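Participant: sequence below, structure please.
(one chain, ligands or ions: 2)
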Amino acid sequence: MNWMLPRWFAHRGGGTLAPENTLAGLRLAVAMGYRAVEFDVMLSGDGTPVLIHDETVERTTNGRGAVSELSDSALFELDAGGGERIPRFADAADFCLAHRLLANVEIKPATGFDGATAQIVARMTASRWCGAAMKPLISSFSLAALEIARDLAPEIPRGVLYEDVPADWLSELRRLGAVSLHCDAERLSDTVLAEAAEAAVPVLCYTVNSENQAKHLVDRGVSAMFTDRLDLFAGETTAYKALHLPG
Ligand code: G3P
Ligand code: MG
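Facilitator: Ligands and ions are numbered 1, 2, ... in the order given. I've put the predicted structure just below:
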């Protein structure tokens with residue numbers, strides 16, 4: 001598979017320049033020229049996939065409670081910042097398709113909901129992007145979720161997410177049929193980078209909010225990065241890495 005991987009992904013929609021994980025964030029990413037966005041997807045109490053990072057709504061909205069216990073009607077009434085609503089994943093997907101944005105769909109299950117979240121998000125991703133020329137990239141810290149995505153939506157590329165990359169990362173990546181390694185920029189070792197280069201696996205790092213750090217990571221061989229500071233890297237949004245991936 002030939003893959004033109006944008007160097008920059010707007011993190012959580014529009015990073016810190018817009019309410020996180022909202023359509024306003026996605027609109028800002030497009031307005032600033034970004035070609036790729038990352039967002040987090042969790043299930044509401046009604047089983048609807050929505051964009052949100054935390055298991056509870058307190059930090060990012062004016063509400064209270066656990067996402068997995070709130071009904072859609074309660075969740076969609078909340079103010080997620082500047083009058084924005086928590087978006088349905090379906091609406092974010094349609095926005096990305098309409099704007100030719102590469103979507104990194106991070107499956108972010110609430111505790112105990114790995115299976116249900118992965119099943120719904122994988123199926124919806126496959127159906128929403130069915131026939132689309134540019135597929136999204138599914139990632140997750142939950143290896144159980146990635147296993148389900150592999151089985152239910154094998155045609156959608158997957159990335160394995162780690163905070164600390166374990167020694168057996170490459171065999172896990174192969175087992176999951178994943179194409180990319182996503183990891184914390186601060187904890188990425190030269191050993192892992194060398195193994196990734198040897199195996200021709202692109203490495204994507206979160207969360208890169210300084211120009212010096214970005215330059216250093218690119219010099220070390222990192223292929224792409226997630227940023228909250230869309231303003232800092234708006235001049236590099238057309239930078240791509242041409243990759244040839246097996247399969
Ligand atoms: O997917 C990269 C990054 O978003 C992972 O960390 O906690 O911001 O979802 P987090
Ligand atoms: Mg994320």
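Participant: ranges for the helices of this protein?
Facilitator: 23-31, 72-75, 89-98, 114-128, 143-152, 169-175, 190-198, 211-220 (DSSP state H).
Participant: which helices and strands does the first one pack with?
Facilitator: Same thing as helix 23-31. Secondary-structure packing of helix 23-31 (3 or more Cβ pairs under 8 Å, 6 or more residues apart in numbering; DSSP states H and E): strand 8-10, strand 36-43, helix 89-98. From N, CA and C alone the C-beta is placed, and that goes for glycine too.
Participant: wait, which of the helices of the chain is closest to Thr16?
Facilitator: Thr16 lies closest, by Cβ to Cβ, to one member of the helices of the chain: helix 23-31, at 9.6 Å.
Participant: can you pull the contacts of Arg27?
Facilitator: 14, 18, 95 (Cβ atoms under 8 Å, 6 or more residues apart in numbering).
Participant: restrict those residues to those near ligand 2?
Facilitator: Applying Cβ under 5 Å from the ion to these, one finds that nothing falls near ligand 2.
Participant: so which of those residues wins on neighbours?
Facilitator: Using other Cβ atoms under 10 Å as the neighbour test, the contacts of Arg27 are led by Gly14, with 27 neighbours.
Participant: buried stuff in stretch 191-198?
Facilitator: Across stretch 191-198, burial judged by 16 or more other Cβ atoms under 10 Å covers 192-193, 195-196.
Participant: highest mean neighbour count out of the helices of the chain?
Facilitator: helix 23-31 (a mean of 22; mean count of other Cβ atoms under 10 Å).
Participant: angle of it against strand 36-43?
Facilitator: 160 degrees (axes from the mean of the first three to the mean of the last three Cα atoms, to 10 degrees).
Participant: next one: helix 23-31 to chain centre, how far?
Facilitator: Centre-to-centre, helix 23-31 and its host chain are 15 Å apart (Cα atoms, centre = their mean, to the nearest Å).
Participant: can you tell me the closest non-neighbouring residue to the residue of the chain found nearest ligand 1?
Facilitator: Residue nearest to ligand 1 within the chain: Tyr206 (3.9 Å; Cβ to the nearest ligand atom). In this structure, Tyr206 finds its nearest non-sequential neighbour in Phe226, 4.1 Å apart by Cβ to Cβ, 6 or more residues apart in numbering.
Participant: list the contacts for Pro49?
Facilitator: Counted by Cβ under 8 Å, 6+ apart, Pro49 has contacts 41-43, 88-90, 117, 120-121, 124.
Participant: could you rerun that using 10 Å?
Facilitator: 41-43, 87-90, 92-93, 105, 107-108, 117, 120-121, 123-125 (Cβ atoms under 10 Å, 6 or more residues apart in numbering).
Participant: that one: what's its closest spatial neighbour, skipping adjacent residues?
Facilitator: Closest to Pro49 by Cβ to Cβ, 6+ apart is Phe89, at 3.8 Å.
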